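*Asks:* Fold the stuff below for me.
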Amino acid sequence: MDNQIFGYPSFDADGVKVLTRMGPEGPCSNMLQDITVYRMCPGESRSFSFPEKEVALLLIRGSVTYEWEGQERAVCRQDFFKEGAYCLHVCRGTSVTVRAAEETELLVQSTTNPRTFESVFYTPENSTEATFGQGQFEGKAQRTVRTFFDYSNAPYSNLVMGEILIPQGGWSSYPPHQHPQPEVYYYRFEKPQGFGACFIGEDVCTIRDGSFAAIPGGKCHPQVNAPGYPMYYVWMIRHFDNAPWKDRIFDPAHTWLLDEA
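*Replies:* Take a look at the predicted model:
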C-alpha cells in the first residue's frame, strides 16, 4: 500500500485497528514500526509475543490486567486527559497477556530490535510529565507532554513513546519543527465530533477522533485543534540505526518565535 501521510482507519469485526505495518505490503511501511489499536470487551484477553520485535503496550482507556514474566499488574484509566498512563515495554521474545475487565482501548507499538533488556512498566509515578508554553503566544501553544521512554532513559530501545495533551483551540508540535526519523501521531478527542488540522510539509489534513498521522522524516508538522475540543494524541518515533532521535530541528523561518518564551 502507499505510504500515505494520514489515515482514518476503523476497528474491524475483531476490534482491531491497524495504523502502520513494517513490511513492503503494509500501510505506512516507511514509519518502520507496527502500530495497532485494539478495542477489547470485558472478559477478553489478548496475548503478544514477537521473536524479533520489542513491544510497548499502552492503556489508552479502560481496565486491564497485564501479565508478563511471572508478574501481574491490574490498572484502570477512565480519562486520558486527567489521568496518567500505564505502558508496558518489553524486549523481543517476551510474552505478554492483557486481560480486560471492562471496555478497553489498547495501543501496541513494536519494531525490530536484536537487543534484550529488562521489562519496564511505566506508570504516572515513573513517567515524566511537563507543561510547556503557558507564557508563549498568549497561551495558544500550551501543551502537556508525557514521555514514557526515549533515548535519554531507554537507549537500548529503537522506539520512543509518549502522550501530548492540547487545550481547546491550541497548537502543538510548535514552533514548526522536523527531524529525520519518522513519527506517528494517534489522535483522540473526548467528544467524537472533535476536529483539528495537521500540517505535514505543504499538506494539510483534517484531524478526527481515531485518525492518525504518518509523518515522514524531514517534514515540519505543527498541529492545531478547534475551540471547545481539547485534543489528546500518542506520539511515537522510530529511531534510525546509529542515529537515534534526541531533539527537534526548528524551521529556520520560525526560529524567531523561540525568543518569545
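*Asks:* Only C-alpha atoms from now on, for both contacts and neighbour counts.
*Replies:* Noted.
*Asks:* low-scoring stretches of the stretch 151-261 of the chain, by residue?
*Replies:* Residue ranges of the stretch 151-261 of the chain with pLDDT under 70: 260-261.
*Asks:* can you check the stretch 1-150 of the chain too?
*Replies:* In the stretch 1-150 of the chain (pLDDT under 70), the answer is 1-2.
*Asks:* Strands of that one, residue ranges please.
*Replies:* 6-7, 16-20, 34-40, 45-48, 53-68, 71-77, 86-90, 96-100, 104-112, 120-122, 128-132, 143-149 (DSSP state E, counting those that start in this stretch).
*Asks:* Just put the ones you listed in JSON lines and tack on distance to Val224 and mean neighbour count.
*Replies:* Formatted as JSON lines, the entries for these read as follows, by distance: least, Cα to Cα, whole Å; neighbours: other Cα atoms under 10 Å:
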{"stretch": "strand 6-7", "distance to Val224": "15", "mean neighbour count": "20"}
{"stretch": "strand 16-20", "distance to Val224": "21", "mean neighbour count": "21"}
{"stretch": "strand 34-40", "distance to Val224": "23", "mean neighbour count": "21"}
{"stretch": "strand 45-48", "distance to Val224": "35", "mean neighbour count": "13"}
{"stretch": "strand 53-68", "distance to Val224": "21", "mean neighbour count": "23"}
{"stretch": "strand 71-77", "distance to Val224": "26", "mean neighbour count": "14"}
{"stretch": "strand 86-90", "distance to Val224": "26", "mean neighbour count": "23"}
{"stretch": "strand 96-100", "distance to Val224": "33", "mean neighbour count": "21"}
{"stretch": "strand 104-112", "distance to Val224": "23", "mean neighbour count": "22"}
{"stretch": "strand 120-122", "distance to Val224": "28", "mean neighbour count": "18"}
{"stretch": "strand 128-132", "distance to Val224": "15", "mean neighbour count": "14"}
{"stretch": "strand 143-149", "distance to Val224": "11", "mean neighbour count": "22"}
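*Asks:* so which of the ones you listed gets nearest Met231?
*Replies:* Among those, strand 143-149 comes nearest to Met231, with 9.8 Å by Cα to Cα.
*Asks:* tell me what the closest one is packed against?
*Replies:* strand 128-132, strand 159-166 (3 or more Cα pairs under 8 Å, 6 or more residues apart in numbering; DSSP states H and E).
*Asks:* how about these, which one is nearest Thr104?
*Replies:* strand 159-166 (17.5 Å).
*Asks:* And the next helix or strand past that closest one?
*Replies:* strand 171-172 (DSSP states H and E).
*Asks:* ok, Ala141 - contacts?
*Replies:* Residues in contact with Ala141 (Cα atoms under 8 Å, 6 or more residues apart in numbering) are Phe132, Gly133, Gln134, Gly170, Trp171, Ser172, Tyr174.
*Asks:* what's the spacing between it and Leu59?
*Replies:* 26 Å (Cα to Cα, to the nearest Å).
*Asks:* again with Asp259
*Replies:* 37 Å.
*Asks:* go on, Asn113?
*Replies:* Asn113 is 22 Å from Leu59, by Cα to Cα.
*Asks:* cool, and Ala226?
*Replies:* Distance, Ala226 to Leu59, using Cα to Cα: 25 Å.
*Asks:* Equivalent analysis for Pro230, please.
*Replies:* Distance from Pro230 to Leu59, by Cα to Cα: 19 Å.
*Asks:* now Pro180
*Replies:* 28 Å.
*Asks:* I'd say Leu32 and Arg238 touch.
*Replies:* Yes. Contact criterion Cα atoms under 8 Å: Leu32 and Arg238 qualify, at 6.5 Å.
*Asks:* Now for the two: what residues contact both?
*Replies:* With Cα under 8 Å, 6+ apart, Leu32 and Arg238 have common neighbours Thr111, Pro182.
*Asks:* Which residues are in contact with Asp79?
*Replies:* Arg61.
*Asks:* and the gap between it and Lys246?
*Replies:* 29 Å.
*Asks:* Please apply the same query to Tyr122.
*Replies:* Tyr122 is 20 Å from Lys246, by Cα to Cα.
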